[in-house]
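# Dropping a prediction and its sequence here:
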Amino acid sequence: MQDLSGKVALVTGAASGIGRAIAQAYADAGAKVAVADIAADKARDAARSMGPDAIGLAMDVTDEDQVEEGFAQTARELGPVDILVSNAGIQIISPIVDLSYADWKRMLAIHMDGAFLTTRAAMRQMIAAGRGGSIILMGSAHSHVASKFKAPYVAAKHGLLGLARVIAKEGAANGIRANVICPGFVRTPLVEKQIPEQAKELGISEEAVIRDVMLKDTVDGEFTTLEDIADTALFLAGFGSNALTGQSLLVSHGWHMA
Ligand code: NAD
């Protein structure tokens with residue numbers, strides 16, 4: 001088990017699902033954790049359950065002022081950030097021809113602008129503190145493959161690979177590493193919501209969506225779990241050198257192998 005004692009981690013979208021599991025794993029490993037989410041009350045509740053060294057932050061990752069204020073509060077209350085997990089995300093299922101421009105922009109704002117704004121704030125604190133850091137962007141198997149009806153999601157998740165590679169190059173001199181975790185399907189609220197939506201778009205049953213769409217290309221027909229992703233995030237947070245940077249790790253039961 002990684003020991004993150006003395007480290008400060010900020011996780012976005014941490015009131016639910018994958019982000020919450022990662023924040024909990026970091027807290028269990030001894031880190032002080034800022035639980036950031038647009039759902040402020042849920043973020044505070046989650047932080048309370050993670051012990052006295054966790055704080056909840058109201059942060060819409062698409063809002064520059066809220067991101068800056070959240071990082072400033074974290075530095076004041078916990079210390080400068082050593083680990084960022086840019087994880088907040090949503091899903092919108094729609095064929096391109098029916099997708100509104102507003103929904104396209106909302107998706108890119110949350111996944112891409114959010115990653116940029118939180119990365120910039122984290123890098124500034126990491127460089128000023130002079131002790132390096134680990135930046136983890138939450139990609140997806142959709143950082144490497146495409147699926148119907150997910151155009152902005154697939155585009156944004158592919159884009160995160162490029163962002164991580166630039167962070168890796170710019171951050172190296174200051175010991176800042178950047179990597180992308182690319183999960184397969186994990187049964188969080190984000191996925192539960194899209195099972196009936198996909199069934200409707202494809203005209204098939206919900207069981208068929210799970211079997212023939214979501215898990216079709218895995219090696220064993222199994223969902224990835226919250227623990228699988230939290231373990232990967234722990235490993236990347238604790239890895240101590242620039243040897244592992246600018247990479248993406250697929251954690252998807254072999255759905256895609258790269
Ligand atoms: P989730 O819906 O359980 O959690 C997402 C969290 O993000 C929620 O708490 C929500 O309030 C928060 N959020 C949404 N918009 C926000 C904003 N603008 N600012 C701050 N917080 C915001 O979803 P999840 O499945 O845990 O997804 C987390 C990340 O993992 C997403 O980036 C998603 O794309 C990625 N991912 C999920 C899966 C999966 O199968 N669940 C697979 C691959 C990648």
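Ah, there it is.

# Contact residues of the stretch 1-150 of the chain facing the ligand?
12-13, 15-19, 37-39, 59-62, 87-90, 110, 138, 140 (CB under 6 Å from any ligand atom). Heads up, the C-betas are built off the backbone N, CA and C, glycines and all.

# Going through those, which ones are buried?
12-13, 15-19, 37-39, 59-62, 87-89, 110, 138, 140 (16 or more other CB atoms under 10 Å).

# Which of these fall in strands?
12, 37, 138 (DSSP state E).

# Now tabulate the residues you listed in TSV and tack on pLDDT and distance to residue 224.
As requested, these are exported to TSV (pLDDT from 0 to 100; distance: CB to CB, whole Å):
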residue	pLDDT	distance to residue 224
12	99	20
37	98	22
138	98	13
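
# what's the spacing between the closest residue to residue 212 other than its chain neighbours and the ligand?
Computed as CB to CB, 6 or more residues apart in numbering, the closest residue to residue 212 that is not its neighbour in sequence is residue 204, at 7.2 Å. Counting by CB to the nearest ligand atom, to the nearest Å, the gap between residue 204 and the ligand amounts to 19 Å.

# Among the buried ones among the residues of the stretch 1-150 of the chain next to the ligand, name the ones in helices.
Residues from these lying in helices, with DSSP state H as the criterion: 17-19.

# Nearest residue to the middle of the chain?
residue 87 (2.1 Å; CA atoms, centre = their mean).

# Can you give the strand pairings for the longest strand belonging to the chain, parallel or anti for each?
Identified as the longest strand of the chain according to DSSP E is strand 176-183. Strand 176-183 pairs in its sheet with strand 133-138 (parallel), strand 247-251 (parallel), by DSSP bridges.
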